[in-house]
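K.L.:
Okay, here's the prediction I keep looking at, along with the sequence it came from:
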Amino acid sequence: MKVLVASALILVGSCATLRHSEKIEQLKDSISYDNKKVVEKYLSTITTGELKLYVKEVSSEKYNGRMTGEEGHNDVCNYIRSYYDSLGIKPPKTHPDYYQIVPKSVLPEGLNDSQNVIAYIEGSEFPDEYIYITAHSDHEGVVDGKIYPGADDNGSGTAAVFEMAEAFKKAVLDGNGPKRSIVFLHVTGEEVGLHGSRYYTNNPIFPLEDTVSTLNIDMIGRVDNRHQDNEDYIYVIGADRISTELHFIIQEANYNFVNLNLDYEFNATNDPNRYYYRSDHYNFATKGIPVVFFFNGEHEDYTKPTDTADKINYPLLAKRTKLIFATAWYLANSPERLKPEII
Ligand SMILES: [Zn+2]
C-alpha cells in the first residue's frame with residue numbers, strides 16, 4: 001500500500017512540474033507596464049534632495065532617538081502627520097487625526113501609550129482594495145547618554161514613504177491617481193518587538209481581507225559589506241512566500257525602471273539571520289497577506305549612535321525608493337488584483 005501511494009505521488013509530481021513551468025511563463029508574460037512614460041513621470045519626482053531633507057529631519061537630535069512612547073517619538077509622529085496634511089493626503093475617516101493609538105497595555109512594560117500614523121489615497125476604481133506601504137517610525141532612543149539617530153533605521157524608510165506619497169499625490173492631481181487605495185502606514189514599537197504592526201493587524205482600520213499587499217521598508221539607505229564592490233543592490237525578502245506573482249512584479253518593476261541587483265540571499269527559508277521574521281511585514285504575512293521586505297542588510301553603524309544622516313547614500317536611496325514606487329504603481333493599477341497563491 002505504501003509503495004503504491006509513493007509511485008502515485010511521483011506521477012503527480014512529474015505532471016505538475018511540466019504544468020508548473022508553463023504557469024510560470026504565463027504569469028511572467030502577463031505582467032507588463034502598459035504606459036511606462038506615465039510611471040517615469042512620477043518616478044522623476046523622487047529626488048535625492050527631498051530624501052536628504054526628510055532623513056535629516058527624522059534623525060535629528062531634537063527627536064532624541066525616537067523611543068516608542070517618549071516625547072521625541074511623539075514629536076516625530078506629529079511631524080509625519082503634518083507632512084501628509086500639508087500635501088492634502090487624508091487620514092482614514094475613522095481616525096481624523098491620522099493616529100491609531102497603540103495602548104501601553106500591548107507594549108512592553110514601562111512604555112507609554114504610542115501611535116501608528118496612517119494616511120491614505122483613495123483608489124479611483126477599486127477604493128476598497130488596499131496596498132500598504134509601511135515603515136517604522138521609532139528607534140532606540142537614548143542609551144547611556146547617547147542619542148541613537150537611526151538615520152538608516154528607519155529614517156531612510158520614512159523618507160522613502162514620504163517621497164512615494166508625494167509622487168502618488170501628484171499623479172492624483174494630474175488625473176492619473178491609483179485605481180486601488182494606497183495606505184501610508186508609519187508604525188510604532190518596531191524596535192521593541194514589532195508591536196505597532198501587530199496591533200494594527202489585530203485592529204485593522206481597513207479590512208484585512210481587502211488588503212492586496214504590504215510593501216515594508218526598513219533600512220534602505222546604506223551598503224553592507226557583501227556589496228562594497230557593487231552598490232546597486234537591494235535585498236528582497238519574502239515576496240514569493242505568499243504570492244509568486246508579487247515576486248515577478250518586483251522583477252518587472254526593476255527591469256523596466258531601475259536595474260538594481262535584486263539580492264535574494266536573505267530570502268532563503270533557512271537564512272540564519274531570520275530577517276523575514278524581524279520587521280513589520282511579518283505581522284501582515286501571518287494574516288495571509290502577500291508581503292515584501294526591502295532591506296539593505298546590516299552595516300557597521302547598525303543600532304549604533306553613529307547611524308547618522310551624512311552616511312546615507314542618497315542616490316541609492318532614491319533608486320531603491322523608485323523600485324518600490326514602481327512596484328506599488330503596478331499593484332495599484334493592474335487590471336486584476338494580485339493573487340495570493342504560490343505557483
Ligand atoms: Zn528597523
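P.N.:
Great, that's in hand.
K.L.:
What's the separation between residue 91 and residue 120?
P.N.:
Residue 91 sits 8 Å away from residue 120, taking CB to CB, to the nearest Å as the criterion. All C-beta atoms are positioned from the backbone trio N, CA, C, and that covers glycine.
K.L.:
Quick one: neighbours of the closest residue to residue 80 other than its chain neighbours, just the number.
P.N.:
Distances taken as CB to CB, 6 or more residues apart in numbering place residue 117 nearest to residue 80, at 4.7 Å, with adjacent residues excluded. Neighbourhood size, residue 117 [other CB atoms under 10 Å]: 26.
K.L.:
Beyond the strand or helix carrying residue 117, next helix or strand please.
P.N.:
In the assignment (DSSP states H and E), residue 117 maps to strand 114-121. The helix or strand immediately downstream of strand 114-121 is strand 126-136, counting by DSSP H and E.
K.L.:
quick one, what contacts the residue nearest to residue 80?
P.N.:
77, 80, 81, 84, 98, 99, 137, 185, 186 (CB atoms under 8 Å, 6 or more residues apart in numbering).
K.L.:
Out of the residues you listed, list just those in helices.
P.N.:
Here DSSP state H is the test, and the contacts of residue 117 give 77, 80, 81, 84 as lying in helices.
K.L.:
Neighbour-wise, give me the winner out of those residues.
P.N.:
residue 80 (26 neighbours).
K.L.:
Identify the residues contacting that one.
P.N.:
For residue 80, the contact set (CB under 8 Å, 6+ apart) comprises 98, 117, 137, 158, 186.
K.L.:
swap in residue 136?
P.N.:
So residue 136 contacts 154, 157, 186-191, 196-197, 218, 279-280 (CB under 8 Å, 6+ apart).
K.L.:
Show me which residues of the helix or strand hosting residue 328 are buried.
P.N.:
Assigned by DSSP H and E, residue 328 belongs to helix 314-333. Buried residues in helix 314-333, defined by neighbour count with 16 or more other CB atoms under 10 Å: 314, 316-333.
K.L.:
Report the two of the contacts of residue 136 separated the most.
P.N.:
Spatially, the most separated pair among these is 157 and 189, at 14.8 Å (CB to CB).
K.L.:
the more surrounded of those two?
P.N.:
residue 157 (34 against 27).
K.L.:
Grab the nearest non-local neighbour of that one.
P.N.:
residue 135 (3.3 Å).
K.L.:
Let's see the pLDDT reported for that neighbour.
P.N.:
Per-residue confidence at residue 135 stands at 98 (pLDDT).
K.L.:
shouldn't it be in contact with residue 152?
P.N.:
No. Between residue 135 and residue 152 there is no contact under CB atoms under 8 Å: 11.7 Å.
K.L.:
List the residues that contact the residue lying closest to residue 103 once chain neighbours are set aside.
P.N.:
Excluding the flanking residues, the one nearest residue 103 by CB to CB, 6+ apart is residue 113, at 5.4 Å. For residue 113, the contact set (CB under 8 Å, 6+ apart) comprises 69, 101, 102, 103, 104, 107.
K.L.:
rerun at 6 Å
P.N.:
By CB atoms under 6 Å, 6 or more residues apart in numbering, the contact set of residue 113 is 101, 103, 104.
K.L.:
Quick one: those as a markdown table, columns for distance to the ion too.
P.N.:
Converted to a markdown table, those look like this (distance: CB to the ion, whole Å):
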| residue | distance to the ion |
| --- | --- |
| 101 | 22 |
| 103 | 22 |
| 104 | 21 |
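K.L.:
Now intersect the residues you listed with the strands, please.
P.N.:
Counting by DSSP state E, the contacts of residue 113 place residue 101 in strands.
K.L.:
buried stuff in stretch 231-242?
P.N.:
Buried residues in stretch 231-242, counted by 16+ other CB under 10 Å: 231, 233, 234, 235, 236, 237, 238, 239, 240, 241, 242.
K.L.:
no wait, stretch 21-34
P.N.:
Buried, per 16+ other CB under 10 Å, within stretch 21-34: 27, 33.
K.L.:
now swap in stretch 173-184 and tell me
P.N.:
176, 177, 178, 180, 181, 182, 183, 184.
K.L.:
Would you check that residue 92 makes contact with residue 204?
P.N.:
No. In this structure, residue 92 is not within contact of residue 204 by CB atoms under 6 Å, at 10.3 Å.
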